[in-house]
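> My questions are about this predicted structure, shown below with the sequence.
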Amino acid sequence: MMRFYFDFATWHKFRELVARVPDEKRRVSLQRLIGRTIPLRAAGHAVCYFLDGILFPGLWGVKVKAPVFVIGHARSGTTLAHRLMCADPQFSAFKYWELRLPALLEKKVVHLLAWLDSHMLGKRLATRLEAWEDRKFGHMRQIHKMGLNMPEEDDLLLYDSCASGFWVTKLPFMGDVDFFHTDRRPADERRALMGFYRDCVRRQLYINGKDRIHLSKNPAWCGRVESILEVFPDARFVVLYRNPYETIPSLLKLLSVSWKHQGNLDPEKIRESIRTMVSLSYETYLYPLQVLAKHPLTPQAVVDYRELVAQPKRAVEKIYADLGLEMTDEFRASLQREQEKTRKHETEHRYSLAEFGLNDSEIRETLGPLFDRFNWDADETRAKAPATAVGDTTGGLA
């Protein structure tokens, strides 16, 4: 519980890949990040992580009980489901800044600094952080809202360990580094990685309340359902499904915007990464249900994105029923308020398949059983039909 995890093999691979970046300015910047900044950050985390068990002896008694994992293809409503459930006080979840500081000691220091800033410094630090947030996340917020105090994907815990899928947003490495197929890795590697994650969750529960249920949202973890169950045998799963004609190009747009923000990149590397991402998208849709079918006693809720957007209260109530969770009257009322906002929410962008060299037939053929199960063909029929009415005010939570 006191050992910080670092993926040395991937770190060495990063160094090799960065050396091939054609743009000199970008290459030097990345070499500085990979060769100096990340090792220094990891070393700092490692020291604090080790001290946690000494400075906070109560940490040893914290257990992770029946955590809930929200998974599904990116852009399929995992963020919406996660944030709706985060409003229930029985859950504990990571905020963005807590993910970037995995040690308990680091979190305690931030809490102390926040108190000093609020009571003695006139919130000057908070003002500067808000400005930094705008610079850091401004270019992405139109597609995916992010902020220091917003719940985010647990995978960010592994960023400074060089084991997080978020690294693909830095550079198109997807043909060279595999963050998806965790279940295929050797058993000792899986145990080290997921054991570290479990102990990060323990630290968060120490702060938020050891009796709470950890709530995780990780689209990229669709390839590690078996690994999750190895470490958390009592885990529960919420699996989101949305029409792939919408999710796949939306994810590719998100990545391409991020890569464009990084500067001048190799066009062939970008094309290779897009091809890899499309292949992984198919696995993301198919693999979780294949694994969960082998574990029929594992509590699981399969959620249709359309239902979650149109009737969030009813969809979350069904999730709770499927997972054996209790719902308070207060939380039920908060869901009702959220449901009343759906008609006021802005609609999402829809991105073109052709922009990324994709076509309907390939996706339809590969994911045919899911098209039949969720009747996605009907969505396309309605999308192509001429409008028959005006004044439609039905929006949707994204």
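Received the coordinates, thanks.
> List the contacts of the residue lying closest to D176 once chain neighbours are set aside.
The spatially closest residue to D176, leaving aside those adjacent along the chain, is L17, at 5.7 Å (C-beta to C-beta, 6 or more residues apart in numbering). All C-beta spots, glycine's among them, are computed from the backbone N, C-alpha and C. By C-beta atoms under 8 Å, 6 or more residues apart in numbering, L17 lies in contact with 171, 173, 176-177.
> With distance to V62, neighbour count and secondary structure added, can I get these in JSON lines?
As requested, the contacts of L17 are exported to JSON lines (distance: C-beta to C-beta, whole Å; neighbours: other C-beta atoms under 10 Å; DSSP: H, G, I helix; E, B strand; the rest coil):
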{"residue": "L171", "distance to V62": "37", "neighbour count": "24", "secondary structure": "coil"}
{"residue": "F173", "distance to V62": "35", "neighbour count": "20", "secondary structure": "coil"}
{"residue": "D176", "distance to V62": "38", "neighbour count": "16", "secondary structure": "coil"}
{"residue": "V177", "distance to V62": "33", "neighbour count": "19", "secondary structure": "coil"}
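> What are the phi and psi values at the closest residue to T328 other than its chain neighbours?
The shortest distance from T328 to any residue other than its chain neighbours is 7.6 Å, reached at D88 (C-beta to C-beta, 6+ apart). When quoted as degrees, to the nearest 10, the phi and psi of D88 stand at phi -80, psi 120.
> Tell me where the chain has strands.
With DSSP state E, the ranges of strands along the chain come out as 68-72, 91-92, 213-217, 236-241, 300-304.
> Pull the number of nearby residues for the residue nearest to D322 when sequence neighbours are not counted.
Spatial nearest neighbour of D322, chain neighbours left out: A301 (3.8 Å); criterion: C-beta to C-beta, 6+ apart. Residues within reach of A301, counting by other C-beta atoms under 10 Å, total 21.
> Helices along the stretch 201-350 of the chain, start to end?
225-231, 244-261, 267-293, 305-310, 312-323, 329-341 (DSSP state H, counting those that start in this stretch).
> okay if I get the ones you listed as TSV plus mean pLDDT and mean neighbour count?
Formatted as TSV, the helices of the stretch 201-350 of the chain follow (pLDDT from 0 to 100; neighbours: other C-beta atoms under 10 Å):
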stretch	mean pLDDT	mean neighbour count
helix 225-231	98	21
helix 244-261	84	20
helix 267-293	91	18
helix 305-310	95	19
helix 312-323	97	18
helix 329-341	90	14
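> Compile those helices into CSV and extend it with columns for distance to A103.
Output for the helices of the stretch 201-350 of the chain, formatted as CSV (distance: least, C-beta to C-beta, whole Å):
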stretch, distance to A103
helix 225-231, 19
helix 244-261, 27
helix 267-293, 31
helix 305-310, 35
helix 312-323, 30
helix 329-341, 31
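> follow-up on the earlier one: report the lowest-confidence entry in the contacts of L17.
Of all the contacts of L17, L171 has the smallest pLDDT value, namely 74.
> From S279, how far out is it?
According to C-beta to C-beta, to the nearest Å, L171 and S279 sit 19 Å apart.
> returning to that earlier point: closest one to P102 out of the contacts of L17, please.
Lowest distance from P102 to the contacts of L17 (C-beta to C-beta) belongs to V177, with 21.0 Å.
> which ones are touching that closest one?
Neighbouring residues of V177 by C-beta under 8 Å, 6+ apart: 10, 13-14, 17, 167-168.
> Just the CA trace of stretch 10-25, in PDB.
Written as PDB, here are the backbone C-alpha positions of stretch 10-25 (Å, rounded to 0.1, in the frame of the first residue of the first chain):
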ATOM      1  CA  THR A  10       6.300   2.400 -21.300                       C
ATOM      2  CA  TRP A  11       8.400   5.300 -20.100                       C
ATOM      3  CA  HIS A  12      11.400   3.900 -22.100                       C
ATOM      4  CA  LYS A  13       9.000   3.500 -25.100                       C
ATOM      5  CA  PHE A  14       7.900   7.100 -24.800                       C
ATOM      6  CA  ARG A  15      11.500   8.300 -24.900                       C
ATOM      7  CA  GLU A  16      12.000   6.300 -28.200                       C
ATOM      8  CA  LEU A  17       8.800   7.600 -29.800                       C
ATOM      9  CA  VAL A  18       9.400  11.200 -28.800                       C
ATOM     10  CA  ALA A  19      12.900  11.100 -30.300                       C
ATOM     11  CA  ARG A  20      11.200  10.600 -33.700                       C
ATOM     12  CA  VAL A  21       8.900  13.600 -33.500                       C
ATOM     13  CA  PRO A  22       9.700  15.700 -36.700                       C
ATOM     14  CA  ASP A  23       9.000  19.100 -35.200                       C
ATOM     15  CA  GLU A  24      12.100  20.200 -33.300                       C
ATOM     16  CA  LYS A  25      10.400  22.500 -30.900                       C
END
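> low-scoring pLDDT stretches of the stretch 51-200 of the chain, where are they?
Low-confidence segments of the stretch 51-200 of the chain, defined by pLDDT under 70: 137-145.
> circling back to that earlier point, please convert the strands of the chain to a markdown table, extending it with distance to Q336.
A markdown table is the format used below for the strands of the chain (distance: least, C-beta to C-beta, whole Å):
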| stretch | distance to Q336 |
| --- | --- |
| strand 68-72 | 21 |
| strand 91-92 | 19 |
| strand 213-217 | 20 |
| strand 236-241 | 20 |
| strand 300-304 | 18 |
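> out of these, which comes closest to L80?
The closest approach between L80 and any of the strands of the chain, judged by C-beta to C-beta, belongs to strand 236-241 at 8.5 Å.
> between the closest one and helix 312-323, how many degrees?
Angle of strand 236-241 versus helix 312-323, following axes from the mean of the first three to the mean of the last three C-alpha atoms, to 10 degrees, is 140 degrees.
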